[in-house]
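Colleague: turn this into a structure:
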Amino acid sequence: MALYRAQGAVDPADLVLDRAEILRYLGHRGSVIPPEIDALIDRSVQAVQAAATPRYVCREFLLGAPQPQGIPLLDTDFYLPGEDILQLLAGCDSCVLMAATLGAGVDALLRRQQVADMAAAVVCDSAAVTAIEAVCDRVNALIKGACGQRGQRCTWRFSPGYGDMPITCQPQVARLLDTGRQIGLAVSSSCLLTPSKSVTAIIGVGERATQDKKSGCTHCSLRENCTFRRGGKRCGDF
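Modeller: This next block holds a predicted model:
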């Protein structure tokens, strides 16, 4: 079986930024949106799309039997640590590491906005987060389609820093994907991604993979301190 790998660019004009998601990141609770905020969201979406140069890279690795230090990616020195990833990859024979970024132009846009207009900067930041998630959804769909042609299913994507997987896994993921050369994505000494509107993730693959999507309060690590739940709602309601 040929292992999946791909890299490419996404036309930012093709990204549909979910307005409800932008409002959710802004903390909107369902009240009437003032016209000036509505217009600011439109301008922010346009600004992010103009500044973004979305790129991605992904590569599939076979999985070995779980070890005390985690699940090994065969032919590498990297282990995926934690109970959460062990549960996610149950029934999987391989996993796809992926990385995506909006590019340095969006970081520059946000810095300019922070100096010129903090309100616009906050809305632009929410639009940028929505944009990188849209890019990841696009890449996720490509991976799912390719694996589906082999009769396999995919799990939901899981990023370093989620659950009990430490963010210190970021450098190893970036190294295995060669993100610096491939998409201009670096990892700082504190394991943060540069450009900031970037994501790395792991997606399990296998005929017996059971989790195509994991959602809801039960599975969320923020459930105990969630402001939405305290108000009797869920983030998915917005």
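
Colleague: can you pull the contacts of the residue nearest in space to the middle of the chain?
Modeller: Closest to where the C-alpha atoms of the chain average out (CA atoms, centre = their mean) is Val199, at 4.4 Å. For Val199, the contact set (CB atoms under 8 Å, 6 or more residues apart in numbering) comprises Met98, Ala99, Ala100, Thr101, Ile132, Glu133, Val135, Cys136, Ser159, Leu193. (Each C-beta comes from the backbone N, C-alpha and C, glycine too.)

Colleague: what about those, which are in helices?
Modeller: Mapping those onto helices (DSSP state H) picks out Ile132, Glu133, Val135, Cys136.

Colleague: now the contacts of Val199 in TSV, with pLDDT?
Modeller: TSV is the format used below for the contacts of Val199 (pLDDT from 0 to 100):
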residue	pLDDT
Met98	98
Ala99	98
Ala100	98
Thr101	98
Ile132	97
Glu133	96
Val135	97
Cys136	97
Ser159	95
Leu193	97
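
Colleague: can I get those in a markdown table including distance to Pro66 and neighbour count?
Modeller: Shown next, in a markdown table, are the contacts of Val199 (distance: CB to CB, whole Å; neighbours: other CB atoms under 10 Å):
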| residue | distance to Pro66 | neighbour count |
| --- | --- | --- |
| Met98 | 22 | 26 |
| Ala99 | 24 | 28 |
| Ala100 | 28 | 27 |
| Thr101 | 31 | 28 |
| Ile132 | 31 | 22 |
| Glu133 | 30 | 19 |
| Val135 | 31 | 23 |
| Cys136 | 26 | 21 |
| Ser159 | 20 | 17 |
| Leu193 | 27 | 21 |
